[in-house]
Structures are given as C-alpha cells and as structure tokens.
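Peer 1: next comes the sequence, and after it the predicted model I'd like to discuss.
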Amino acid sequence: MISLDLSSTAIRALSSSMLSCPKLENFDLSDGKFIETFNLHSRSLRTLNLDGCSSLKEILVASEKMTSLDLSRTAIHALSSSMLSCSKLENFDLSDCKFIETFNLHSGSLRTLNLNGCSSLKEISVASEKMISLDLSGTAIHALSSSMLSCPKLEIFDLSDCKFIERFNLHSRSLRTLNLNGCSSLKEITVASEKMTSLNLSGTAICALSSSMLSCPKLEIFDVSDCKFIESFNLPLRSLRILYLDGCSSLKEISVTAGEMMGIFLSGCKLIESLNLHSKSLKELHLGGFSFVEEISVASEKITKLKFSSATIPSLSLSIGHPLSLEVLDLSGSNIESFPANIKNLSMLKELSLRGCRELVSLPELPPSLRKLCLRDCRKLMSLPEELPPSLIVLELDYCKLMSLPEELPPNLDIYTLEFGGVFKTAGKIPMLRGFTLNKRRTSS
C-alpha cells in the first residue's frame, strides 16, 4: 500500500503499531475531528495531511522521506525539533493553528512555510537555506528583524493583516514579492531588494515615502491604496508598471515618471489639485472622487483607457498627449457639462461611458469608431447629435429625458434602452433591435 485515505473518519488515535504499511507514501487524515494525539514513524511516508483535525494537540512524526506536512486547523500549541524528525521536509502548512504562540524551526530542506491565521503567534525564528515562500499573514507578530529570519533565498513574503507591526526593516538579495497589506499600525519601513517586483503597502499607517526607504530598482507593481496619511508621492521608480493609490484620501501631490508605466489607479484621492503623469507606455488611467482638481496632464503615446468617475470637474482642463490611441473613456458620475468639439478626432475611441453625468447638457459630434455609448441617468441631456456613429452597436439611454432622437439610427444597433425617459418623436425609422425596451407611454412616428 502506498496511499491511505482516512479523512473525515471518527478515529481517535493512531500509532505505528496500528498500521503495518512499510511502503506507505501518502496518508490523509484530514478532518478527523476526534484525533487528539498522533505518533508515527515511517521510512517511506512522503505526504501527511492532518488538516482540520481540530482536537489534535500532540504530535510526533519521524520520516526520512517526508516532503509535505499539513497541520492546518489543528489544536497544536507548540512545535519543536524533537516532535518532528523530517530531514527532507519541503512544504509545511500550519495555517489557522490558533493556539501557537511561538515558532522556532531550523531546516536545511524547507521551501514553503504557511503560518497564515495563527492569530496567537507572537514570536518566530526561522532558518532555512532553501525557503522561497513564507506566509505570516494574520499573526500577532510585533516586530521582525534579520536575526529572526535566516532565509537567504526567500522570494515571497506575506505579512498581510499583521496588525501589531509598527516598523519593518528588510534587506534581501532574493525577495521578489512583499505583502504588507492591512498592517494598520505600520508607520516606518525600509526595504532593499535587488529583485523585488511587487510591493503591497495598502492599508498601512505610513505617512511618507522616500527613495531612502525603498531601494527596489526592479519594482514593477506598487500598491499604496488606502494609505490615509500619505500627502505626497514622488518617487523615481523607473521600472514601475502598475501603481495603485486608490483611497489615499490625504494625497495632494503626485508626480510620476516611469518609462515602463502601464496603469495608474487614483480613485478616491479627494484632495489632489493637479496631476502630471509622464510615461511613454501608459495604457490605463483610473481617476475618481476628486473634489478640487483643476488640471490633469497626461503624456503617453499608448494610452487606451481613461476612467474618470465621480468627480467635480465643471471646468476641468484635461490634456492628453497623443490621445489618438484612446479606446475607452469613462467619465461616469462626474458633473461634466459638455465636451470639446475635437472629441470626434479620437479616431480609435470604441467606448464612451457617461452614466450618471447629471449635469451633461449636450454632446458634440462623436468619433465614427464608437461602438458603445452609455448615457444612463444623464437627466439634463435633451438631445443627441444629429448623426450617431455608424459603427455604434450599444446605446444606453435609461432615465434620460430626451425630447427627440436622430432621424436615422445606426443599422447595426444591438442593444438600445429607453427606460423611464421623456416622450420623444423621431422622423426616421427605428431599425431592428435586439434587447429593445420602450416604455408603453412613449410614442413614435
């Protein structure tokens, strides 16, 4: 026998004397709710799964070949080298072991260690020459230092939702991904890594960021969303591709220059007054919730999607360098009143969304490339341009109080809605439409 599955059984105890399976490699006892002690010595066992053995408090495992051990959701209080003799162990899962307060492990083989959700864990010491992934998310750890972690090949480090960490200092040559999302007490950070590509500081209490705090020359994805205390962002991150600043409600100034930047997300940054972004490769920009912004300047040769929703922009000066590449323009929820006539020159524009723009009074001639036009809940809009783009296939007019429609509608229109709008008349013929909805009180001729 090489595989034995006793998961979800009512077994209360197991020992080597109860099992005579000299070639057993895979043993599954997951969700054995009544097992309180486990003692096993094996020369052949490679994987042992005790996940969900919620009564398990004591364990003794010895195996020369074991590579994977899962003790997640058990009632184990402590672990020591004398309890585990698995010289080739590579993957160790202790997630959601709520009673472990300290953890001390030195291993020459361990590659992944998962302590996610060990909410009582306060002290840790880990040493492994081969470890590449360490998950300490949701633990009660207060501080970390290089002396506590000796993992020279660590690539992925997750400390998300560690609510008690106030300072973080890490220098690594191998780390690629660091997650500090939700570390709500974290105020000071110093990170240096030659290989880091992803850094998540969202939801922390950090007040400022500077070049001296971050030395990550290959950083590509940086998440600082919901950092409520940051007032300015100005970092020379040349390799940055994606930047998240959503919900940074104190942010007033931002300056980003990154040659490889592809996307910036700034929704909910209410205090920003001006925005200057320069990146030759920027493709996607999300803005919204601005109250005081007066000028936006975007210089990009490749921008294809601009989302600017829920903002107060009656006299916004919007400057987009090389706008001809723009494919999606979303101004939903803003109080924009009108568009410049040169919008028709956006020759690549395929989607224009103006949902909830209740101050919008008129629309100029639209680009012929437009395929989707969303005007839902534009309550002051009384009419459409005399001619709609011939390529238009989606038209949303719900809750609009239009008094008339163009004489001719695009021949390929597939979706067309006019829920709860005003009474209108059209001299032209309404084409065959899929999904056409018309309130019975309306008339057409």
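Peer 2: Noted; the coordinates are in hand. On a predicted model such as this, the values are computed, not experimentally measured, just so you know.
Peer 1: any weak-confidence spans in the protein?
Peer 2: 15-17, 259, 274, 289-299, 309-324, 415-445 (pLDDT under 70).
Peer 1: which residues in it form helices?
Peer 2: Counting by DSSP state H, the chain has no helices to list.
Peer 1: so which residue is smack in the middle of it?
Peer 2: For the chain, the residue nearest the mean C-alpha position is D223 (8.3 Å; C-alpha atoms, centre = their mean).
Peer 1: isn't it right next to S202, touching?
Peer 2: Yes: the pair D223 / S202 is scored as a contact, 4.8 Å apart, by C-beta atoms under 8 Å. C-beta: built from backbone N, CA, C; applies to glycine.
Peer 1: pull up the overlap in contacts between the two.
Peer 2: In terms of C-beta atoms under 8 Å, 6 or more residues apart in numbering, D223 and S202 are both contacted by the residues 181, 244.
Peer 1: and the strands in the stretch 251-400 of the chain, which stretches?
Peer 2: 253-257, 263-267, 274-278, 284-288, 295-299, 305-309, 317-321, 328-330, 351-353, 372-374, 394-396 (DSSP state E, counting those that start in this stretch).
Peer 1: could you dump these to a markdown table with distance to S107 and mean neighbour count?
Peer 2: Putting these into a markdown table (distance: least, C-beta to C-beta, whole Å; neighbours: other C-beta atoms under 10 Å) gives the following:
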| stretch | distance to S107 | mean neighbour count |
| --- | --- | --- |
| strand 253-257 | 42 | 17 |
| strand 263-267 | 39 | 22 |
| strand 274-278 | 47 | 18 |
| strand 284-288 | 43 | 22 |
| strand 295-299 | 50 | 17 |
| strand 305-309 | 47 | 20 |
| strand 317-321 | 54 | 15 |
| strand 328-330 | 50 | 20 |
| strand 351-353 | 53 | 20 |
| strand 372-374 | 56 | 20 |
| strand 394-396 | 58 | 20 |
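Peer 1: among those strands, which is nearest R173?
Peer 2: Among the strands of the stretch 251-400 of the chain, the nearest to R173 by C-beta to C-beta is strand 253-257 (26.9 Å).
Peer 1: let's see stretch 111-125 as CSV, backbone CA atoms only.
Peer 2: Provided in CSV are the C-alpha atoms of stretch 111-125 (Å, rounded to 0.1, in the frame of the first residue of the first chain):
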residue,chain,number,x,y,z
ARG,A,111,10.9,25.6,0.9
THR,A,112,7.5,26.8,1.9
LEU,A,113,6.1,27.6,5.3
ASN,A,114,2.5,28.7,5.9
LEU,A,115,1.5,30.2,9.3
ASN,A,116,-1.4,32.3,7.9
GLY,A,117,-4.1,32.9,10.5
CYS,A,118,-2.0,31.8,13.5
SER,A,119,-3.6,34.6,15.5
SER,A,120,-1.7,33.9,18.8
LEU,A,121,1.7,33.7,17.2
LYS,A,122,3.9,36.5,18.6
GLU,A,123,7.5,35.2,18.3
ILE,A,124,9.2,33.4,15.5
SER,A,125,12.6,32.2,14.5
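Peer 1: contact partners of it?
Peer 2: Looking at stretch 111-125 with C-beta under 8 Å, 6+ apart, the contacting residues turn out to be 72, 90-106, 126, 128, 130-142, 144, 148-149, 158.
Peer 1: got the buried residues for it?
Peer 2: Neighbour-count burial for stretch 111-125, counted by 16 or more other C-beta atoms under 10 Å, picks out 111-118, 121, 124.
Peer 1: same question for stretch 164-177.
Peer 2: 165, 168, 170, 172, 175-177.
Peer 1: now swap in stretch 197-213 and tell me
Peer 2: So for stretch 197-213, counting by 16+ other C-beta under 10 Å, buried means 197-206, 209.
Peer 1: N234: which of the residues you listed is nearest?
Peer 2: The nearest member of the buried residues of stretch 197-213 to N234, counting by C-beta to C-beta, is L209 at 8.5 Å.
Peer 1: now do the contacts for that closest one.
Peer 2: 224, 230, 233, 235.
Peer 1: contact partners for the nearest residue to K228 once chain neighbours are set aside?
Peer 2: Distance criterion C-beta to C-beta, 6 or more residues apart in numbering; nearest residue to K228, sequence neighbours excluded, is S249 at 5.5 Å. Contacts for S249 (C-beta under 8 Å, 6+ apart) come out as 228, 268-271.
Peer 1: likewise for L214?
Peer 2: For L214, counting by C-beta under 8 Å, 6+ apart, the contacting residues are 189-192, 199, 235.
Peer 1: of the residues you listed, buried ones?
Peer 2: Buried among those (16+ other C-beta under 10 Å): 189, 191-192, 199, 235.
Peer 1: make TSV from those and add distance to K380 to it.
Peer 2: Formatted as TSV, the buried ones among the contacts of L214 follow (distance: C-beta to C-beta, whole Å):
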residue	distance to K380
I189	48
V191	50
A192	54
L199	44
L235	42
